[in-house]
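*Asks:* okay, sequence plus prediction incoming.
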Amino acid sequence: MKRIGFIGLGIMGRPMSKNLIKAGFELVVLDRKQEVVDELVSLGAKAASTPKEVAEQVEAVITMLPNSPHVKEVVLGENGVIEGAKEGLVVIDMSSIAPLVSREIHGELAKKGIKMIDAPVSGGEPKAIDGTISVMVGGEKEVFDACYNVMDAMAGSVVYTGEIGAGNITKLANQTIVALNIAAMSEAYILATKAGVDPELVYQAIRGGLAGSTVLDAKSKMVMDRNFEPGFRIDLHIKDLGNVLETAHEVGAPLPLTSSVMEMMQALKVDGLGQKDHSSLVKYYEKLANAEVVRHEDLVKA
């Protein structure tokens, strides 16, 4: 596959599409923000005005959109991908949506001879930029194999996880672990802060042990620097945890810790922090404890 459509050029989609261009793919792009489309066109992409128009020109269409309704509209709606697709076209949905919606869209596309895999990603904007995101994929294995080179051009790892919907179930598990990790980190740093120990030194002491993680390394620096500009917004994590809990209820999997973190994030959204990075979870704990997690050297400077 060399001719690829890319719909959704946001925080993740923009750098991912750039990596495809660098890898030599021919791109047809679509986004609501014209300035982003213009940027991709300047790099060699072709612009389209509707999802139908995108699908008419390519062998595969990547969608990278906020949530389930957006993917359904773009793929199945008026002037959608389904209207412009030839038999054999593949939809690679790299959005993070509800697994049942992935299966629903897959079923509608199959009636027209159109293939689909669900391939959500993890790693945030920095890994999207350097091409090292993790991709977790559900769908028919032969379709996965046919699309592997496309996904590999944007990723550090691409893993097949099972039938359609399995990619998004894997992503929901990922988002659960990330959310609980950030909450645990926040609790630990508030404990250290209230007990008079420099949270930066706590981080340096524990990062190489069993408590160490990619989340700890990425989010500790943001908290200590008091930099809460997104990488990954609270609003988007709320969306993902909503899908987690909906799926959990459907399959009978109680998730008490996830439910608690969801309510913490909802409280932050009410406080006007929905557009901030999910490392802002520390602010929930700071409000409870009437303390701020900062390096002791920064306190001295202040």
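*Replies:* That came in fine, so what should we check first?
*Asks:* list the buried ones in the single longest helix found in the chain?
*Replies:* Longest helix in the chain, counting residues (DSSP state H): helix 166-194. By neighbour count on 16 or more other CB atoms under 10 Å, the buried set for helix 166-194 is 166-172, 174-176, 178-190, 192-193. Where you see a C-beta, it was placed from the backbone N, CA and C, and this is true even at glycine.
*Asks:* same check, this time on stretch 27-43
*Replies:* 27-31, 36-37, 39-40.
*Asks:* in helices only, show me these.
*Replies:* Those of those lying in helices (DSSP H): 36-37, 39-40.
*Asks:* next one: A302, what pLDDT does it get?
*Replies:* At A302, the pLDDT value in this model is 59.
*Asks:* could you dump the ones in helices among the buried residues of stretch 27-43 to a markdown table with distance to V143?
*Replies:* Below are those laid out as a markdown table (distance: CB to CB, whole Å):
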| residue | distance to V143 |
| --- | --- |
| V36 | 28 |
| V37 | 28 |
| E39 | 30 |
| L40 | 26 |
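*Asks:* pipe those residues into a markdown table and attach pLDDT per row.
*Replies:* Shown next, in a markdown table, are these (pLDDT from 0 to 100):
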| residue | pLDDT |
| --- | --- |
| V36 | 97 |
| V37 | 97 |
| E39 | 97 |
| L40 | 98 |
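*Asks:* where do the strands sit along the stretch 101-250 of the chain?
*Replies:* Ranges of strands within the stretch 101-250 of the chain are 115-118, 121-122, 133-138, 155-162, based on DSSP state E, counting those that start in this stretch.
*Asks:* export stretch 18-30 to CSV, keeping only CA atoms.
*Replies:* What follows is stretch 18-30, C-alpha atoms only, in CSV (Å, rounded to 0.1, in the frame of the first residue of the first chain):
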residue,chain,number,x,y,z
LYS,A,18,4.2,13.6,8.7
ASN,A,19,6.0,10.4,9.4
LEU,A,20,4.1,8.6,6.7
ILE,A,21,5.2,11.3,4.2
LYS,A,22,8.8,10.9,5.4
ALA,A,23,8.5,7.1,4.8
GLY,A,24,7.5,7.7,1.2
PHE,A,25,3.7,7.2,1.3
GLU,A,26,1.4,9.3,-0.9
LEU,A,27,-1.1,11.0,1.4
VAL,A,28,-4.6,12.5,0.9
VAL,A,29,-5.5,14.4,4.0
LEU,A,30,-8.6,15.9,5.6
